[in-house]
Structure formats: C-alpha cells, structure tokens
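Trainee: Next comes the sequence, and after it the predicted model I'd like to discuss.
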Amino acid sequence: MQIRLLGVKPISRTFHRKDDAQRWALETEGSIQRGEFKGGLPQVNLDGTEIYNAFKRAEDGDADVKSLDDINM
C-alpha cells in the first residue's frame, strides 16, 4: 500500500491482508491531515541551549558530535 498526498513524501508499507492495508492507509492519511504524523522518524525534543552546545562542541572539534543523535541528553 502506498499513500501519496500533495506536499508529503510518499509512504509505503506492505501487508498480507487487504483490509489491514486499507485501515492503515485511512489512519495514516488522517494523522497526516491532522498534523500528527511524524513520518516514522524518531522525535527529538531539544531546547535551544542543547542545540547550541552541540553545535559549539562540533565547532570546537569534538569528533563525537556528528549529528543530533550524538547529543548526550
């Protein structure tokens, strides 16, 4: 099953049963339209200070900071 909506990257998922696929599509489309869909990506809640500190550490040559996933929270 694939969901294609204007302004949203296509989302695909495979199912064994057609009714499961249709239920998933309806639920997923609804969450996209309500602005609740997160695209299956992990959500990171950082405040400005944490982001600033991570960029500062990276700028100062901290090799352990390559992405937001490397921030110690």
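Mentor: Arrived safely, thanks for sending.

Trainee: Which residues are in contact with Phe37?
Mentor: 28, 31 (Cβ atoms under 8 Å, 6 or more residues apart in numbering). Placement of C-beta: from N, CA and C, glycine included.

Trainee: Poorly predicted segments of this structure, please.
Mentor: When residues are selected by pLDDT under 70, those of the chain lie in 40-46, 62-73.

Trainee: Near Ala54, how many residues? Count them for me, please.
Mentor: The local packing of Ala54 (other Cβ atoms under 10 Å) involves 19 other residues.

Trainee: where's Ile32 relative to Arg13, distance?
Mentor: For Ile32, the distance to Arg13 equals 14 Å [Cβ to Cβ, to the nearest Å].

Trainee: Who has more neighbours out of those two?
Mentor: Neighbour totals were compared for Ile32 and Arg13, and Ile32 leads with 17 against 13 (other Cβ under 10 Å).

Trainee: That one in helix, strand or coil?
Mentor: Recorded secondary structure, Ile32: helix (DSSP: H, G, I helix; E, B strand; the rest coil).

Trainee: joint contacts of Ile32 and Arg13?
Mentor: Counting by Cβ under 8 Å, 6+ apart, Ile32 and Arg13 have no common neighbour.

Trainee: May I have the helix or strand harbouring Asp19 as CSV, with CA atoms only?
Mentor: Assessed by DSSP states H and E, Asp19 sits inside helix 18-33. Extracted C-alpha coordinates of helix 18-33, given in CSV (Å, rounded to 0.1, in the frame of the first residue of the first chain):
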residue,chain,number,x,y,z
LYS,A,18,-6.1,-6.0,2.1
ASP,A,19,-8.3,-4.8,5.0
ASP,A,20,-5.2,-4.2,7.1
ALA,A,21,-3.7,-2.1,4.4
GLN,A,22,-6.9,-0.1,3.9
ARG,A,23,-7.2,0.5,7.7
TRP,A,24,-3.5,1.6,7.9
ALA,A,25,-4.0,4.0,4.9
LEU,A,26,-7.1,5.6,6.4
GLU,A,27,-5.4,6.0,9.8
THR,A,28,-2.2,7.3,8.4
GLU,A,29,-3.9,9.8,6.0
GLY,A,30,-5.9,11.1,8.9
SER,A,31,-2.9,11.6,11.1
ILE,A,32,-1.1,13.4,8.2
GLN,A,33,-4.1,15.7,7.7
